[in-house]
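>>> structure for the following, please:
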Amino acid sequence: MLIISETLLKVRYSETDQMGVVHHGNYAQYIELARIDWLSQLGISYKNMEENGIMLPVYTIDFKFKKSAYFDDELTVKTSLKKIPTVKIAFDFEIFNQNQELLTIASATLVFMNSVTKKPIPCPPYLLEKIKSH
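Residues are numbered from 1 along each chain as shown. Next up, the predicted model:
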């Protein structure tokens, strides 16, 4: 693992079913928020990346659900970079509740893509520099 960040989230009512349990589909949004926060904590704006013609579509995503999250839980998403990115960037995630119970383990791989040509491109040098400086 290389760089680790933590993102805090609070479960909203609209993310749960009638039993107050978070619907599994919301976890993709949680790790997306954590990925963008991970970049932000490095000083990189995902919005600026997109404005400069770089997109990061999801290539693979995997979840292992261990325990449920509930309405009003305070979640911590720990995001870690698996390895130095090339054309792909891969992350591991752990989601904990306010009692430090591990709820979910996830991983995601994204591809750096030119937004005009829709072709894969190498990781931008400025991101590599930030990663290597940490």
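>>> any chance you could map the strands in the chain?
When secondary structure is read from DSSP state E, the chain shows strands at 4-10, 54-55, 58-65, 74-81, 88-96, 102-111, 113-114.
>>> reformat these as CSV; add distance to Tyr126.
(Each C-beta comes from the backbone N, C-alpha and C, glycine too.) Formatted as CSV, the entries for those read as follows, by distance: least, CB to CB, whole Å:
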stretch, distance to Tyr126
strand 4-10, 18
strand 54-55, 10
strand 58-65, 22
strand 74-81, 15
strand 88-96, 14
strand 102-111, 17
strand 113-114, 16
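>>> same list (the ones you listed) but as a markdown table, adding mean pLDDT.
Supplementary listing: the strands of the chain in a markdown table, determined by pLDDT from 0 to 100:
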| stretch | mean pLDDT |
| --- | --- |
| strand 4-10 | 96 |
| strand 54-55 | 96 |
| strand 58-65 | 98 |
| strand 74-81 | 98 |
| strand 88-96 | 98 |
| strand 102-111 | 98 |
| strand 113-114 | 98 |
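>>> how about these in JSON lines, adding mean neighbour count and distance to Val21?
What follows is the strands of the chain, written out as JSON lines (neighbours: other CB atoms under 10 Å; distance: least, CB to CB, whole Å):
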{"stretch": "strand 4-10", "mean neighbour count": "15", "distance to Val21": "15"}
{"stretch": "strand 54-55", "mean neighbour count": "16", "distance to Val21": "33"}
{"stretch": "strand 58-65", "mean neighbour count": "13", "distance to Val21": "11"}
{"stretch": "strand 74-81", "mean neighbour count": "19", "distance to Val21": "13"}
{"stretch": "strand 88-96", "mean neighbour count": "20", "distance to Val21": "14"}
{"stretch": "strand 102-111", "mean neighbour count": "18", "distance to Val21": "11"}
{"stretch": "strand 113-114", "mean neighbour count": "15", "distance to Val21": "35"}
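>>> many thanks, have a good one.
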